[in-house]
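Enquirer: model the following, please.
(one chain, ligands or ions: 1)
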Amino acid sequence: MDDGLETIRRLYFSIWEENNSPWDQSLCYDASSGRKGGLPTYMTCPTTWFVLNALGGTSIDVPNGRLYVSPRLASAQTEMHIPVYLSRFWGTLDYVPAKNKLTLTISKVFGANAELQNALYHLPGAKGDSAPETVTIRSVAANGDAQPITLAAPFTVKEGAVLDLSSQIGRLAIPKRTDIVNFEVRAPLNRPGLPATKWTVTDNLHDNPQLASIIGQDALDGNPESRWTTGRGLQAGDAFTLDMGAAQKVARLVLDDAKFPGDFPQGYKVEASKDGNAWSTVAEATPEATVAAVKGGVLTIGFTPVEARFFRVTSTGEHSLWWSVAEIAAYAQ
Ligand SMILES: [Ca+2]
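Expert: Here you go, the predicted model:
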């Protein structure tokens, strides 16, 4: 449950924060950055269509008069109040375990539509125009393979009506599970240089530090096609910070940019820090020296070995091109 909601949160993050457009979505997203990739499409994200139904466990079998309800709470939630959108009606599902309450309140009802009925129900030999004008619920069940519970009295779906299932909570509600599975996108182990599994890269370009960290992960994922980038023309002062999680001896940084020729800093300053507060400059170069140092798209920055946890690399000049780093590696010598 928690993992599912975390996945939805990341989808939301990708759609609104990273790609900034809910109306122009991709079929694929890069796992670490959330950026669009693969086939473009105008579709909205299909998985999100069913989030509410999944949370409430709601669906309706109109011909058989059966409503499926099985609310699920995330580990941090104590109650649920969600809209329910089904083919013949809308409503609100209220589930409050502490008050032993489970109700469905009908807010809007739709008449039978022959074409829609046929498309939805596919009953052998059934005629859509024979679909009932009024929906009557005679039984309820948890979704899945639960045995249906026959209602003491049929429930007619009409606006304002309340189906009270409180006495059936024990059979319908899905118990909370606390065995949370954590998943992270980690840097691969086959990268060159010092192990980068605990590293993060942030920058001073993105207001949202979480977003900066996700973009920064592209410089640590072992993929030469994915990159940390300014996303706009390089400006003096643009900087990224590598956090290695713990101080260690470093004598060389390698910024691999082979797939993005020209996206180099225009002169740079490299500062090192043990605690993220006190910084000392360990390397500097002019724009001319920077360009001259690039070999095959790879910029190597060597310096007197320093014991540090953080390295901040700042571009001292500007350029119309972006600054990109496909992969950052560090070496002890
Ligand atoms: Ca990469």
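Enquirer: got the buried residues for the lengthiest helix in the chain?
Expert: Looking across the chain with DSSP state H, the single longest helix is helix 2-12. Neighbour-count burial for helix 2-12 flags Asp2, Leu5, Ile8, Leu11 (criterion: 16 or more other Cβ atoms under 10 Å). The C-beta positions use only the backbone N, C-alpha and C, and glycine is treated the same way.
Enquirer: report the separation between the nearest residue in space to Ala246 that is not next to it in sequence and Arg252.
Expert: Leaving aside its chain neighbours, Ala246 sits nearest to Arg309 (5.9 Å; criterion: Cβ to Cβ, 6 or more residues apart in numbering). Using Cβ to Cβ, to the nearest Å, one gets 16 Å for the distance from Arg309 to Arg252.
Enquirer: pLDDT on the longest helix of the chain, on average?
Expert: For helix 2-12, mean pLDDT rounds to 80.
Enquirer: the ion contacts on the chain?
Expert: Asp218, Asp221, Asn223, Ser226, Ala326, Glu327 (Cβ under 5 Å from the ion).
Enquirer: now those residues in JSON lines, please, with extra columns for secondary structure and neighbour count.
Expert: Below are these laid out as JSON lines (DSSP: H, G, I helix; E, B strand; the rest coil; neighbours: other Cβ atoms under 10 Å):
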{"residue": "Asp218", "secondary structure": "coil", "neighbour count": "22"}
{"residue": "Asp221", "secondary structure": "coil", "neighbour count": "22"}
{"residue": "Asn223", "secondary structure": "coil", "neighbour count": "16"}
{"residue": "Ser226", "secondary structure": "coil", "neighbour count": "23"}
{"residue": "Ala326", "secondary structure": "coil", "neighbour count": "24"}
{"residue": "Glu327", "secondary structure": "strand", "neighbour count": "26"}
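Enquirer: ok, those residues vs Asn20, which is closest?
Expert: Asp218 (17.5 Å; Cβ to Cβ).
Enquirer: so who does that closest one touch?
Expert: Residues in contact with Asp218 (Cβ atoms under 8 Å, 6 or more residues apart in numbering) are Asp30, Ser32, Ser33, Ser226, Arg227, Trp228, Ala326.
Enquirer: circling back: so the residue nearest to Ala246 touches Asp275, yeah?
Expert: Yes: judged on Cβ atoms under 8 Å, Arg309 makes contact with Asp275 at a distance of 7.3 Å.
Enquirer: looking only at neighbour counts, state which of the two leads.
Expert: More neighbours surround Arg309 than the other of Arg309 and Asp275, with 17 against 10 (other Cβ atoms under 10 Å).
Enquirer: where does the more buried one land in three-state SS?
Expert: strand (DSSP: H, G, I helix; E, B strand; the rest coil).
Enquirer: isn't there a strand covering Ala251?
Expert: Yes: counting by three-state DSSP, Ala251 is part of a strand.
Enquirer: go ahead and confirm Gly56 touches Leu67.
Expert: No: contact criterion Cβ under 8 Å: Gly56 and Leu67 do not qualify, at 10.7 Å.
Enquirer: hang on, His81 in a strand?
Expert: Yes: counting by three-state DSSP, His81 is part of a strand.
Enquirer: can you tell me the SS state at the residue lying closest to it once chain neighbours are set aside?
Expert: Leaving aside its sequence neighbours, His81 sits nearest to Asp94 (Cβ to Cβ, 6+ apart; 5.2 Å). The three-state label given to Asp94 by three-state DSSP is strand.
Enquirer: return the distance of the longest helix of the chain from the chain's centre.
Expert: 6 Å (Cα atoms, centre = their mean, to the nearest Å).
Enquirer: and stretch 319-331, by the same measure?
Expert: With Cα atoms, centre = their mean, you get 25 Å for stretch 319-331.
Enquirer: alpha carbons only: can I get that stretch in PDB?
Expert: Only the C-alpha atoms of stretch 319-331 are listed here, as PDB (Å, rounded to 0.1, in the frame of the first residue of the first chain):
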ATOM      1  CA  HIS A 319      28.200  30.100 -22.400                       C
ATOM      2  CA  SER A 320      25.100  29.800 -24.600                       C
ATOM      3  CA  LEU A 321      25.300  26.000 -24.300                       C
ATOM      4  CA  TRP A 322      24.100  24.000 -21.400                       C
ATOM      5  CA  TRP A 323      26.600  22.600 -18.900                       C
ATOM      6  CA  SER A 324      26.100  18.900 -18.600                       C
ATOM      7  CA  VAL A 325      27.800  16.100 -16.800                       C
ATOM      8  CA  ALA A 326      26.900  12.600 -17.800                       C
ATOM      9  CA  GLU A 327      29.000  10.900 -15.200                       C
ATOM     10  CA  ILE A 328      31.100  12.000 -12.300                       C
ATOM     11  CA  ALA A 329      34.000   9.800 -11.000                       C
ATOM     12  CA  ALA A 330      36.500  10.400  -8.200                       C
ATOM     13  CA  TYR A 331      39.800   8.800  -7.700                       C
END
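Enquirer: would you indicate which residues of it are buried?
Expert: His319, Leu321, Trp322, Trp323, Ser324, Val325, Ala326, Glu327, Ile328, Ala329, Ala330, Tyr331.
Enquirer: alright, calling it a day.
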